[in-house]
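[1] here is my input, please return the structure:
(chains A and B)
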Amino acid sequence: MEIPYFDKTSDADFGSIRYMGTDEFGHDVYVLGKKSMGNRYSAILMGVAEILGSQDQLMVVNCMDRVNWSMKIGGFTSRRLRLVLLGRPVVTWGTQKAFSQLVNLVEITRLKVMGNDYKIQAT
Amino acid sequence: MNILFLGATGIHHTLIAAHLYLGKPEPVNFRNIKFWDDRSKEMLGYPLFLDQDEQRNRVYSLGVGRDVLMVTKSIEQLVEILNCTERDLIIKPIFIKRERLILFLHRIGGFKTVNHLVLPIIDYLLKKEYAAINQQVKEFKSQVRFA
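    Numbers count the residues shown, from 1 in each chain, chains lettered A, B, ... in the order given. Purely as a prediction, here's the structure:
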């Protein structure tokens, strides 16, 4: 719950690339909510980076395959239906359950970015 | 500089807009336009490079699904993050009244048998929208001239 933006975003935040911090290698890390657009969004962002000749500066990490149903239903209830009291405990419980999966994704990403000058986006 | 036309699909109205922007001859049949209804290219999600305009700007068409404004916002912010400006990439979203319907038809047209039925409907709808697309391109052209 102490993580910035955790279950606190509004509809207007979808599509906004928000800065989260800089990792130990000096890469800037951002988050982005993309509704239900899946891997297509990653391709769009990478495609645009390619047009700009900056594809080697960007890594897009799709987190959705680590998100479980409790997180989806809890997040939907809390954010979309605005039933925070009902949805937040469910999304928090789901996040605790998915935590090891998310840590695994972070470890994989760390290995990939080592030694590269990326800006990282978790979508 | 690069110019990116964005729309619900990148292989229909957005493609027509880019085609008109490039000053190519008015299409008698949309199906003659390069990448028209090219589902395999659209599925990749990458911008489709069409050609260069008279000022040697590279022109692309990109389909982004239902929420064109959300993706426009992300791309604008990404351009900034990558230390680029509007001089590197101009984004032009193309909106038409029947874009949701066209997107729906495009999606159900994923089945080969349905596609034969759906394509003439898309053609018909786009002929109805042609003036609106042309108007957006005209306005954009004058903006680019002064950019």
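[2] list the contacts of residue 102.
    You didn't pick a chain, so chain A it is. Counting by CB atoms under 8 Å, 6 or more residues apart in numbering or on different chains, residue A:102 touches A:63, A:66, A:95. (C-beta placed from N, C-alpha, C; glycine too.)
[3] not quite, go with chain B.
    B:8, B:9, B:12, B:13, B:96, B:122, B:125, B:126.
[4] let's go with 6 Å and repeat that
    Shown in contact with residue B:102 (CB atoms under 6 Å, 6 or more residues apart in numbering or on different chains): B:12, B:122, B:125.
[5] before we move on, what about residue B:94?
    B:5, B:7, B:13, B:14, B:17, B:136.
[6] equivalent analysis for residue A:35, please.
    residue A:14.
[7] wait, a strand at it?
    No - judged by DSSP: H, G, I helix; E, B strand; the rest coil, residue A:35 forms no part of a strand; its state is coil.
[8] re earlier: and of the contacts of residue B:102, the nearest to chain A?
    Proximity of these to chain A (CB to the nearest CB) peaks at residue B:12, which lies at 16.6 Å.
[9] quick check: the closest one vs residue B:111, distance?
    Between residue B:12 and residue B:111 the distance is 18 Å, computed by CB to CB, to the nearest Å.
[10] what about these two, which has more around it?
    residue B:12 (31 against 11; other CB atoms under 10 Å in any protein chain shown).
[11] quick one: what helix or strand has the nearest residue to that one once chain neighbours are set aside in it?
    Nearest residue to residue B:12 in three dimensions, chain neighbours excluded: residue B:102, at 5.7 Å (CB to CB, 6 or more residues apart in numbering or on different chains). Residue B:102 belongs to helix B:99-108 when assigned by DSSP states H and E.
[12] mind checking the pLDDT average for that helix?
    Helix B:99-108 carries an average pLDDT of 93.
[13] go through it and flag the buried ones.
    In terms of neighbour count (16 or more other CB atoms under 10 Å in any protein chain shown), helix B:99-108 has its buried residues at B:99, B:102, B:103, B:105, B:106.
[14] and which of those is nearest to residue A:23?
    residue B:103 (37.6 Å; CB to CB).
[15] against residue B:101, how distant is the residue nearest to the closest one when sequence neighbours are not counted?
    In this structure, residue B:103 finds its nearest non-sequential neighbour in residue B:8, 4.4 Å apart by CB to CB, 6+ apart. According to CB to CB, residue B:8 stands 10 Å off from residue B:101.
[16] could you report the pLDDT at residue A:96?
    Looking at residue A:96, the pLDDT reads 91.
[17] check residue A:115 too.
    63.
[18] ok, now the one 5 residues further on?
    The score at residue A:120 is 66. That number is its pLDDT.
[19] list the contacts for residue B:53?
    B:22, B:59.
[20] that'll do, ta.
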